[in-house]
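Engineer: Sequence first, predicted coordinates after that:
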Amino acid sequence: MAAGNGILDRIYNPTVAHVLNPASLRHLAREWLKEDTPSFDFAGFVVGEKEESAVILIKSPGVLAGCPFVDSIFKELDCKVEWLETEGCWLEPTKVVARVSGKVRHLLLGERVSLNCLCRASGIATYCKKLQKIADSCQWEGELAGTRKTTPGFRMVEKYALLVGGVSTHRYDLSSMIMLKDNHIWTAGSIAQAVKDAHVVGGFSTKIEVECRSLEEAVEAMEAGSDVIMLDNFSPEALKKASADLKQQFPKVIIEASGGITEDNLARYCIPNVDVISLSRLVQGYSIVDLSMKIQKEGRDPQNPTVNL
């Protein structure tokens, strides 16, 4: 069983979108739209500003994620989004997930930008659900977590998608937690010195995690005052022994396993005494969920807008 310290209990929150700052959403939406149309919208001249409506369809099975970013994009374009499906739900192909209405050239300005967010966020959430199912089948009570190996400029979407997928975001950025890795330790001279220096600036409010390659390094880190130990690139057998030894000596330690963990071997790492398993593949190795947006016209099938009735 994972450490019963309360912070690792998974509680599903259907209002996960409340973690997002509206100002940050507006900023991202504006930057994405400016990037995609830095000067003239030539194709927009063709369609003009008549009012139209469109549907967003899911074309491959998966978990819907990224809705707040789509809302923000179309809000910048004075368009209205009506969601027909709930974020976090599993959906099958050809399902209409949303309707969008507004000036037609504005709909098309937001089309690709919003779909880029939706496809990628849904891909991450789908992969998270898949891996969480493996962990649950092992009756493991710890947390799966993404890493900081996110796409530059797209971190908020990827980290948000982890939450929708039901896993932990880990630290959001370098300011979220003090993580001392090999380069920090080598530069500082020792684990003990690195942890001591980190306490000077982190104080009581910031946890300190140390990347350790052996049980001896982990013990040194804990004796120096670390809160979290990352056992890096341990085999499942070595991880089982080291985590048990650490919990016996330091019952309150949070133990994270990382390095070399994949979908294929994840079950072997779902070990008692391991509280967190972090995988970079959650934000690097996912496949997108395919979605598309189609302008609706009279006499067109809403479930398949490319087919006339």
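Structural biologist: That came in fine, so what should we check first?
Engineer: how about low-confidence regions in the chain?
Structural biologist: For the chain, applying pLDDT under 70 flags the ranges 1-14, 298-309.
Engineer: what about 50?
Structural biologist: Where the chain drops to pLDDT under 50, the residues are 1-13, 307-309.
Engineer: quick check: longest helix of it.
Structural biologist: helix 104-137 (DSSP state H).
Engineer: Tell me which helix or strand comes right after it.
Structural biologist: Going down the chain from helix 104-137, the next helix or strand is strand 143-145, by DSSP states H and E.
Engineer: Which strands and helices lie in contact with the next helix or strand after that next one?
Structural biologist: Next in sequence after strand 143-145, counting helices and strands by DSSP H and E, comes helix 155-164. Under the contact criterion of 3 or more Cβ pairs under 8 Å, 6 or more residues apart in numbering; DSSP states H and E, helix 155-164 touches helix 22-36, helix 67-76, helix 104-137, helix 281-284. Any C-beta I mention is one placed from the backbone N, CA and C, and that applies to glycine too.
Engineer: at 6 Å instead, please
Structural biologist: For helix 155-164, the packing partners by 3 or more Cβ pairs under 6 Å, 6 or more residues apart in numbering; DSSP states H and E come out as helix 104-137.
Engineer: Quick check: buried residues in the helix or strand containing residue 183?
Structural biologist: Using DSSP H and E, residue 183 falls within helix 182-188. Within helix 182-188, the residues that qualify as buried are 184, 185, 188, counting by 16 or more other Cβ atoms under 10 Å.
Engineer: Residue 296 - how many residues pack around it?
Structural biologist: Neighbours of residue 296 under the rule other Cβ atoms under 10 Å: 17.
Engineer: ugh, wrong one, residue 204
Structural biologist: 5.
Engineer: Which secondary structure state is assigned to it?
Structural biologist: Following DSSP: H, G, I helix; E, B strand; the rest coil, the label given to residue 204 is coil.
Engineer: Doesn't residue 173 belong to a helix?
Structural biologist: No - counting by three-state DSSP, residue 173 falls outside a helix, being coil.
Engineer: now residue 292, which residues is it bridged with?
Structural biologist: Taking DSSP bridges as the rule, residue 292 bridges to residue 57.
Engineer: distance of it from residue 87?
Structural biologist: The gap separating residue 292 from residue 87 is 18 Å, by Cβ to Cβ, to the nearest Å.
Engineer: neighbour-wise, which of these two wins?
Structural biologist: When residue 292 and residue 87 are compared on other Cβ under 10 Å, the one with more neighbours turns out to be residue 87, at 20 against 16.
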